[in-house]
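>>> Curious how this folds, go ahead:
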Amino acid sequence: VPRTSFAPPVTATEICDSLEPAAALAAAFAWVEDTVKAGAALDEFSLGEKFRAFRAEQPGFLDESFPIIVGCGENGAIIHYRAAPGTCAAIGPQSMVLIDSGAQYDCGTTDVTRTIHLGEPSATQRECFTRVLKGNIALDSTIFPEGTPGFVIDVLARRSLWQAGLDYIHGTGHGVGAAL
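Next up is the predicted model:
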C-alpha cells in the first residue's frame with residue numbers, strides 16, 4: 001500500500017511493509033560485522049553486491065531504486081561514488097564506511113544512507129558524527145508548515161557543523177515515493 005502522507009505505519013500491513021526492507025538492512029549490517037571480525041577479505045564493490053542480495057531475499061523486492069553507493073574512508077565523501085571491482089577500496093576492522101542504498105518494493109521505495117565504523121572512531125570522527133546527529137535532531141524536532149521547501153530548513157541540518165567551520169557539499173535530503 002503506497003504511503004500518501006508522512007506518518008508512522010498504522011496498520012498491520014503497513015508495519016510489515018516497513019519491516020521487510022529494515023530486515024534486509026539489519027541482516028546486511030550483521031553480515032558486515034561478522035565478515036570483518038572473521039578477517040575475511042571485503043571491498044566496497046563486494047559489499048554493495050551483498051547488500052543487493054540481502055534486499056533481493058525480501059518479499060516484494062522488485063529492484064534497486066538506484067545503484068548502491070559504498071564508500072570506504074575518503075571515498076565516502078565523493079558524491080555518487082561508484083565502486084568498481086579491482087580498483088575499489090578494501091574494508092577492514094578500522095574502516096569507516098558510507099552505504100547509500102535503496103530498493104523498489106511492491107509497497108514503495110526506500111533510500112537509506114548510513115555511515116558505520118567497524119573499529120574505534122577517532123576524536124574528530126566522533127565530533128563530526130555528533131554534529132551531524134545534532135542537525136538531524138534539529139530537523140526532526142522542528143515543526144514547519146506543509147509545503148516548506150527543503151532549502152528553507154537546510155540551515156537546521158548544517159548549523160552545528162557551521163559552528164565548527166565544517167560543511168558538506170551535498171543537498172540535505174529528498175523525498176521518497178511509491179514504487180513506480
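>>> Regarding the closest residue to F66 other than its chain neighbours, what is its secondary structure?
Spatial nearest neighbour of F66, excluding adjacent residues (C-beta to C-beta, 6 or more residues apart in numbering): G102 at 5.5 Å. In short, each C-beta sits where N, CA and C put it, glycine included. Using DSSP: H, G, I helix; E, B strand; the rest coil, the secondary structure recorded for G102 is strand.
>>> Over to H170?
What three-state DSSP gives for H170 is coil.
>>> Which residue is most remote from the mean position of the chain?
Distance from the centre of the chain peaks at P145, with 26.3 Å (C-alpha atoms, centre = their mean).
>>> quick one: it is in a helix?
No: per three-state DSSP, P145 lies outside any helix segment and is coil.
>>> List the beta-bridge partners for the residue nearest to F66.
Counting by DSSP bridges, G102 is bridged to D111.
>>> Test my guess that it contacts L62.
No: in this structure G102 lies outside contact range of L62 using C-beta atoms under 8 Å: 11.5 Å.
>>> Of these two, give the one with the bigger neighbour count.
G102 (19 against 15; other C-beta atoms under 10 Å).
>>> Would you quantify the distance from E33 to T172?
Remark: distance between E33 and T172 (C-beta to C-beta, to the nearest Å) = 29 Å.
>>> Please apply the same query to Y81.
Separation of Y81 from T172 (C-beta to C-beta): 18 Å.
>>> What of T35?
Per C-beta to C-beta, T35 is found 32 Å from T172.
>>> Next: F144.
With distances taken as C-beta to C-beta, F144 is found 13 Å from T172.
>>> what residues do those two have in common as contacts?
I153 (C-beta atoms under 8 Å, 6 or more residues apart in numbering).
>>> What sits closest to H80 if chain neighbours are left out?
Excluding the flanking residues, the one nearest H80 by C-beta to C-beta, 6+ apart is I69, at 6.5 Å.
>>> which residues sit in contact with that neighbour?
48, 80-82, 98-101.
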